[in-house]
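>>> need a 3D model of the following:
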Amino acid sequence: MKLLRIHDNCLQWVVFLASCYFVPLACSSPSNVRIYLLAGQSNMVGEGCEAHLDLLVRSCPTAYGHLQSSKGNWSQHPKVNIAVYPKLGSFSLNKHLQPLSSVGHGLREEHFGPEVGIGWTLARKYRDTNILLIKVAWGGINLAVDLRPPSSSTNWNGKDSTSIIDKYRIATSQEVGHYYRELVTRTKSILTALPSETYGSNPELSGIFFLQGWDDLEATRMNEYEYNLANFIKDIRRDLNASNVPFVFGELGQHGNSHIGKKYEDRVDGIRQAQENVAKLYPEFFCNVELMKTSEIVIGLQEQNKLCPFPRSCGCYEYHYYNNAEIFYKIGIGMGNTMVSLGDCITQAAGGRDLQSKMSGQIGSCKACTDIEVSWMT
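Numbers count the residues shown, from 1 in each chain. You can find the predicted model right below:
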């Protein structure tokens, strides 16, 4: 079992955080409601395979049995709702705000994404709270152009990025930052549509989850990934009135360690290093931004030769985490645990208390059912 850690040097920043960077979580939502945004590209949309999850439920009920009822229907969590912005048309409260189901909120009705593990994990931590997940994500989008945040403009560390941007804008027929603006607009439209009797008159986010990176593997995009990601975090918080809310993002971990020795090794390592840098090297991000290492889950299954799920009809695409239900579910648990740890870190930093006992959550390359066996509903 591997350990997901909040920054090793977080303790030394406690006083600094409390005096300089701590901002109370502004929340006009009722105290018994927490709202989280899930953003990114296709793996946040959800490519986990229903048939494989069904197999896991039957073969490993201690870990996955809560995801399906005794009658064989997919479970709906009683305290977690999800609002998924539709591919076509506008958001409808009646159609698109639903209880969180184990399957059905992904690319198609037979798919799911990290929202399942995230929702169950958050609900287990915040037992007296209603959770709402807002998912706004698209397949095949990059940070260099599609999600390019306003602060990146057309410059990268003083260098003109116009030629890079024009190249991909022509290829995709999209304006620079198109999907960034759509992310902000669609998230706000969902927040505005929420019923005030449940979510308050001015509902605000409690945290942001982000899973993206594959479409920035091209060398020129990779080189400015750190710059764009750091700006994305700052800008999306500002534009969604979510100053300093915890931000958890997933690693570009699909390859596990299979990229080593391949011609694209430098690009994979380049994106991963950029992600590490954003999580560790920016003082304003200490204890409110964290990276969840998805590669640890993939490596665990690589070692067992269990990457491709059964049945084979699920597919086995590397860029979609092999469509493996176990991977998608554990990514969700890992991201949820990381969000919880960040929340504890922020709270304790504000009080100047010892963080040592609250610095970690566990999820990793689970090799047995018991590794994630929990009493979800107790």
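
>>> what ranges does this protein have for its strands?
3-5, 33-40, 48-49, 76-84, 97-101, 111-112, 130-137, 155-156, 159-160, 207-211, 247-250, 289-292, 360-362 (DSSP state E).

>>> which stretches of the stretch 51-200 of the chain have low pLDDT?
For the stretch 51-200 of the chain, the stretches with pLDDT under 70 are 154-174.

>>> how about stretch 283-296, which residues are buried there?
Within stretch 283-296, the residues that count as buried by 16 or more other Cβ atoms under 10 Å are 285-296. Using the backbone N, CA and C atoms, a C-beta is placed for each residue, glycine as well.

>>> for that stretch, how far is the first residue from the last?
End-to-end span of stretch 283-296 (Cα to Cα, to the nearest Å): 26 Å.

>>> out of the strands of the chain, deepest packed?
The highest mean neighbour count among the strands of the chain, using mean count of other Cβ atoms under 10 Å, belongs to strand 48-49: a mean of 30.

>>> pLDDT averaged over that one - what is it?
Averaging pLDDT along strand 48-49 gives 97.

>>> tell me what it is packed against?
strand 111-112, helix 325-351 (3 or more Cβ pairs under 8 Å, 6 or more residues apart in numbering; DSSP states H and E).

>>> now do the longest one against strand 130-137, angle only.
This means helix 325-351. 120 degrees (axes from the mean of the first three to the mean of the last three Cα atoms, to 10 degrees).

>>> so which bits of helix 325-351 are buried?
325-349.

>>> which residue ranges of this protein form helices?
Ranges of helices within the chain are 14-16, 42-45, 50-59, 61-64, 93-96, 115-125, 162-172, 178-193, 196-199, 219-223, 225-239, 265-280, 295-303, 325-351, based on DSSP state H.

>>> the ones you listed: which one's closest to Gln254?
Each of the helices of the chain has some distance to Gln254 by Cβ to Cβ; the shortest is helix 295-303, at 6.6 Å.

>>> helices and strands around that closest one, which ones?
helix 325-351.

>>> next one: the helix it packs on to chain centre, how far?
10 Å (Cα atoms, centre = their mean, to the nearest Å).

>>> spit out the contact partners of Pro311.
51-52, 55 (Cβ atoms under 8 Å, 6 or more residues apart in numbering).

>>> Gly46 is in contact with Leu107, isn't it?
Yes: with contact defined as Cβ atoms under 8 Å, Gly46 counts as touching Leu107 (5.6 Å).

>>> neighbour count: the two, which is higher?
It is Gly46, of Gly46 and Leu107, that has more neighbours when counted by other Cβ atoms under 10 Å, with 25 against 19.

>>> rewinding a little: okay, the strands of the chain in JSON lines with distance to Gly65 next?
Converted to JSON lines, the strands of the chain look like this (distance: least, Cβ to Cβ, whole Å):
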{"stretch": "strand 3-5", "distance to Gly65": "24"}
{"stretch": "strand 33-40", "distance to Gly65": "25"}
{"stretch": "strand 48-49", "distance to Gly65": "17"}
{"stretch": "strand 76-84", "distance to Gly65": "14"}
{"stretch": "strand 97-101", "distance to Gly65": "15"}
{"stretch": "strand 111-112", "distance to Gly65": "16"}
{"stretch": "strand 130-137", "distance to Gly65": "21"}
{"stretch": "strand 155-156", "distance to Gly65": "49"}
{"stretch": "strand 159-160", "distance to Gly65": "53"}
{"stretch": "strand 207-211", "distance to Gly65": "25"}
{"stretch": "strand 247-250", "distance to Gly65": "26"}
{"stretch": "strand 289-292", "distance to Gly65": "25"}
{"stretch": "strand 360-362", "distance to Gly65": "20"}
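
>>> Arg312: which of those strands is closest?
Using Cβ to Cβ, the nearest of those to Arg312 is strand 48-49, at 10.2 Å.

>>> neighbouring strands of the closest one in the sheet, and parallel or not?
Note on strand 48-49: by DSSP bridges, its sheet partners are strand 111-112 (antiparallel).

>>> what distance do you get for Ala193 to Trp120?
Distance check for Ala193 against Trp120: by Cβ to Cβ, to the nearest Å, it reads 25 Å.

>>> looking at those two, which is more packed in?
Trp120 (25 against 16).

>>> ok now stretch 197-209, how far from the chain's centre?
That offset, for stretch 197-209, works out to 18 Å (Cα atoms, centre = their mean).

>>> quick one: contacts for Arg237?
Counting by Cβ under 8 Å, 6+ apart, Arg237 has contacts 208, 243-245, 247.

>>> 7 Å instead, please
By Cβ atoms under 7 Å, 6 or more residues apart in numbering, Arg237 lies in contact with 243-245.

>>> same thing with Thr121?
Contacts of Thr121 (Cβ under 7 Å, 6+ apart): 332-333, 336-337.

>>> and for Ile141?
41, 147, 179, 215.

>>> ok, now with 6 Å
By Cβ atoms under 6 Å, 6 or more residues apart in numbering, Ile141 lies in contact with 41, 147, 179.

>>> and which of the residues you listed is nearest to Glu197?
Using Cβ to Cβ, these come closest to Glu197 at Tyr179, 32.4 Å.

>>> can you give me the neighbour number for that closest one?
22.

>>> now swap in the one 5 residues further on and tell me
For Val184, the neighbour count with other Cβ under 10 Å is 19.

>>> repeat that for Leu281.
That count, for Leu281 with other Cβ under 10 Å as the rule, works out to 11.

>>> phi, psi of it?
Main-chain torsions, Leu281, degrees, to the nearest 10: phi -100, psi 0.
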